[in-house]
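Q: sequence plus predicted model, see below.
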Amino acid sequence: MPDLSKPAVTVLGLGDMGSALARALLKAGYPTTVWNRTPEKAKPLVEAGATHAPTVADAVTASRLVIVCLLDYKSVTDVLDTARDALTGKVLVNLTNGTPGQARELATRYDVDYLDGGIMAIPPMIGAPPAFVFYSGSRSAFDTNKQVFEAFGGTNYVSTDAGFAALYDIGLLSGMYGMFVGALHALSLVTSAGVPAQEFAPLLKQYVSAMLGSIDGMAEQIDKQDYAIDVVSNIGMQSEAYVNLTLSAEELGMSPELLAPLGPLMARRVADGHGHEDIAGVVEILKKGKK
Ligand code: FVH
């Protein structure tokens, strides 16, 4: 049963993530109204105590706090444009994945108190401590509703700039996909040579975990724009060794295309006279864009 002393919350979008968010709100006792393009997806939530609204405008009208979690920004504006008037004066929290620029645009599209969010969890994690969400945008909207957001997991407010939650989200996803790139290449390499992936995986995890500490040193060098501080393995040496990653893949008849892009970037840095410095200096090439 919802606790009527708690603020009402509306959730627009009942995909895997929207449903998990609505379920967490219900579990925490918040009176929850839900809407989804395909209304059948509301059924299990209604059985768990949610109210189903037939239209977006009805759903928005039901609560001061409106949370939207749809596939992409196009679906968000398609849905919210149908309820412009009803949105006026509401707190709108957008937890849809997008770019910082998209978040900033959405922040000014409607007459709302806007918060953007980046969910750092998969749906089954929602509601438990390892899950957390980056928030940015209206500080007062965050402070007023922080307790509600705690139903989803940890809260991390990063900036009044609405684009920053997406920035931090994409930053962490970049690290995750970088790890996936290395792991997929490594497992492809060893299995091409007949070594079972499951036999090699513990070694991979042990080595990658040990290397994680190097992120702190890189961050210091990048902030100081000094890639000669505490150099352990200079990029000149690493650039030569990196060629062997591609050659080994080719010897085994596998494609080196996942890992290949870093090689020419390292070689450029060496050619520019930075061979004695650390690999972190590659960011200086990346930050200049595609020149
Ligand atoms: N699931 C995950 O692991 C990740 C974790 C981190 C955050 N992401 C982002 O969360 C957004 C929603 O993801 P999702 O997992 O809920 O996605 P789906 O299960 O595919 O549900 C998509 C919902 O969007 C609705 N929808 C799509 N297009 C439209 C449209 N043109 N108009 C109205 N609604 C639309 C869809 O409706 P329906 O198909 O059920 O009718 C679902 O409600 C996403 O940004 C992730 O990147 C998830």
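A: That came through, no problem. Quick caveat: nothing in here was measured; it's all calculated off a predicted structure.
Q: could you use CA atoms for every contact and neighbour count after this?
A: Will do.
Q: what stretches of the protein score poorly on pLDDT?
A: Applying pLDDT under 70 to the chain flags residues 290-291.
Q: could you count how many residues lie near Ala42?
A: For Ala42, the neighbour count with other C-alpha atoms under 10 Å is 24.
Q: state the distance from it to the ligand.
A: Distance from Ala42 to the ligand, counting by C-alpha to the nearest ligand atom, to the nearest Å: 9 Å.
Q: list the contacts of that residue.
A: Contacts for Ala42 (C-alpha atoms under 8 Å, 6 or more residues apart in numbering) come out as 14, 34-36, 52.
Q: any chance of those in CSV, with neighbour count, distance to Arg64 and secondary structure too?
A: Below are the contacts of Ala42 laid out as CSV (neighbours: other C-alpha atoms under 10 Å; distance: C-alpha to C-alpha, whole Å; DSSP: H, G, I helix; E, B strand; the rest coil):
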residue, neighbour count, distance to Arg64, secondary structure
Leu14, 24, 19, coil
Val34, 31, 13, strand
Trp35, 26, 15, strand
Asn36, 23, 18, coil
His52, 20, 16, strand
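Q: between these, which is nearest Gly101?
A: Lowest distance from Gly101 to those (C-alpha to C-alpha) belongs to Leu14, with 24.8 Å.
Q: nearest spatial neighbour of the residue of the stretch 151-291 of the chain found nearest the ligand, chain-adjacent residues omitted?
A: Of all residues in the stretch 151-291 of the chain, Asp169 sits closest to the ligand, at 9.0 Å by C-alpha to the nearest ligand atom. Of all residues not flanking Asp169 in the chain, Gly118 sits nearest, at 5.3 Å (C-alpha to C-alpha, 6 or more residues apart in numbering).
Q: report how many residues lie close to the one you found.
A: Using other C-alpha under 10 Å, Gly118 has 23 neighbouring residues.
Q: report the contact partners of it.
A: With C-alpha under 8 Å, 6+ apart, Gly118 has these contacts: 95-97, 133-135, 165-166, 168-169.
Q: now intersect the residues you listed with the helices, please.
A: When those are checked against helices (DSSP state H), the matches are 165-166, 168-169.
Q: would CSV of these with neighbour count and distance to Tyr177 be doable?
A: Below are these laid out as CSV (neighbours: other C-alpha atoms under 10 Å; distance: C-alpha to C-alpha, whole Å):
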residue, neighbour count, distance to Tyr177
Ala165, 31, 18
Ala166, 27, 16
Tyr168, 19, 14
Asp169, 21, 12
